[in-house]
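1. Take a look and give me a structure for this.
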Amino acid sequence: MRLFRRRERIEDEEILTEYGNKDRPVKGRPFKDEPVKPQVVNAVSLMRGKLTVDEAVRCFPNSRSRAVSGEGVRYTTAGTLRQASFRVKFTPSQWNPLHVSVENLDSKRPWTDDDRDRFNACFGDPEWKEGDDE
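-> Next comes the predicted model:
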């Protein structure tokens, strides 16, 4: 895995990954498409790079080594998000060195239905982990 410097810019062509779980949806949706706690962090979390479902699962604290059925990923590029009027910032942490934050250009403005639609339109079809769970 490539190591990144905290202030390193994410280039437009870089692929970004979002983790989701169709068996444990948030607000009825398998992928987060709006900030969960906007009063704390008004951004949606992605990961830098094109990660498999298993790789994405390992980016979370106390994670398993393999994904289970129902977990998935979807991909976009930083440039696609920027063209849709989102700000893309590399925000690594000790828990997730690949963490990326996606926010509105006006980061104080709450997300609207239009923001969610534009955000979701930036992604291709998801890839789901199927088969036997460990």
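2. Determine the longest helix present in the chain.
-> Secondary structure of the chain per DSSP state H: the longest helix is helix 113-121.
3. average pLDDT across it?
-> For helix 113-121, mean pLDDT rounds to 97.
4. Moving C-terminal from that helix, which element do we reach first?
-> Later in the chain than helix 113-121, the nearest helix or strand by DSSP states H and E is strand 127-128.
5. partners of that following strand, with directions?
-> With DSSP bridges as the test, strand 127-128 is paired with strand 71-77 (antiparallel).
6. buried ones in the strand it pairs with?
-> Glu71, Gly72, Val73, Arg74, Tyr75, Thr76, Thr77 (16 or more other Cβ atoms under 10 Å). (C-beta placed from N, C-alpha, C; glycine too.)
7. now Arg82, what's its secondary structure?
-> When classified by DSSP: H, G, I helix; E, B strand; the rest coil, Arg82 comes out as helix.
8. how many other residues sit next to the closest residue to it other than its chain neighbours?
-> The shortest distance from Arg82 to any residue other than its chain neighbours is 6.1 Å, reached at Val88 (Cβ to Cβ, 6 or more residues apart in numbering). Neighbours of Val88 under the rule other Cβ atoms under 10 Å: 25.
9. Bridged to the residue nearest in space to the middle of the chain, which residues?
-> In the chain, the centroid-proximal residue (Cα atoms, centre = their mean) is Leu46; its distance is 2.3 Å. According to DSSP bridges, the residues that bridge with Leu46 are Val100.
10. And it, how close does it get to Glu55?
-> Separation of Leu46 from Glu55 (Cβ to Cβ, to the nearest Å): 13 Å.
11. before we move on, what about Arg118?
-> According to Cβ to Cβ, Arg118 stands 27 Å off from Glu55.
12. Sounds good, over and out.
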